[in-house]
Each structure stands twice: as C-alpha cells, then as structure tokens.
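Q: heads up, no residue letters with this:
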C-alpha cells in the first residue's frame, strides 16, 4: 500500500479575514459586557417567559434598563452606572423619570409616552440628567417584551449618550 503525498501549499498573502473572525469571538468572551448582559437577559426571559428579546450584538448601547409593566426599574447593567452615576441600588424599584429634570422637554416626555402606548419598538432622543445633575442627550431604543399570552410584561431600553 502506498501513501500518497499531498501537494505542498504555499501562502502568498496573509489571512485577510482575521479581523472579521476576531470580532465574532470578542462578544463571546466571558468578561465581555454584551455577553454578560445577554446571559442575564436570557435568564430573566426564561423566568418571565418572554417571547424573545432583541439581539444585543446588533445594537449599539452604553446602558440597559429593564422595567416592569408598572414602569419600575427591575434591572440595569454595569454601563448604566458609568453613563448616569446611579448604582442599581439607587434606581431599582423607581421610575426611569428620575433621569429627567427641569430642562427635559415636556414635549419629548409626551412623545415618549405616546410611543410606549403604541406597543412597538421605537427610538427617540431625550435630555437626561446624571446623578451629579449634569445633563446629556440620550438616544433610547425601547423594546416591549411580551409574555406567553402576548401581553407586554416588561420594556427593555438600550441607551447611548450622543
């Protein structure tokens, strides 16, 4: 029996797709914030029997806020403290309205409420306040999360400072 020798392969160029491949590895790293946020949301989703939630890797965000059907904050990610200065202890059980203040436009708040009532995902901008009372423009993507009955049980807000 003879063993067939394979032809030698010579590479004339470096692997050009490494950067694309490496980007897919990064979010799966154990300490990656996106991976951590997704694991927590999967756990909460199973607990509350959500019918799905947005793929976080497809969105750009700095902070996540999860509210219940009574618009009370039940969870925030680590980025929330970095962006706002508020710790989870400061905000759990409170309304996200603690982030608004005197200069927040009443029209923006009315628009936000009207968009929430449509029960569809939406994106809007609003002037928010940090814990130290400095202001920032915040882009908010809101996703209604539905339970097995199809009713909205929670809202997930993905926020980034502009």
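A: Right, received. Where do you want to start? Because the structure is a prediction, the values reported are computed rather than measured.
Q: residue 72 and residue 92, how far apart?
A: Going from residue 72 to residue 92 by C-beta to C-beta, to the nearest Å gives 8 Å. All C-beta spots, glycine's among them, are computed from the backbone N, C-alpha and C.
Q: in this protein, which spans are strands?
A: Assigned by DSSP state E, the strands in the chain fall at 63-68, 73-76, 122-129, 135-146, 152-161.
Q: need those strands in TSV with distance to residue 99, can you?
A: Converted to TSV, the strands of the chain look like this (distance: least, C-beta to C-beta, whole Å):
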stretch	distance to residue 99
strand 63-68	9
strand 73-76	10
strand 122-129	4
strand 135-146	8
strand 152-161	9
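Q: columns mean pLDDT and distance to residue 41 on top of the ones you listed, output as a markdown table?
A: Putting the strands of the chain into a markdown table (pLDDT from 0 to 100; distance: least, C-beta to C-beta, whole Å) gives the following:
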| stretch | mean pLDDT | distance to residue 41 |
| --- | --- | --- |
| strand 63-68 | 91 | 8 |
| strand 73-76 | 91 | 9 |
| strand 122-129 | 94 | 19 |
| strand 135-146 | 92 | 9 |
| strand 152-161 | 90 | 7 |
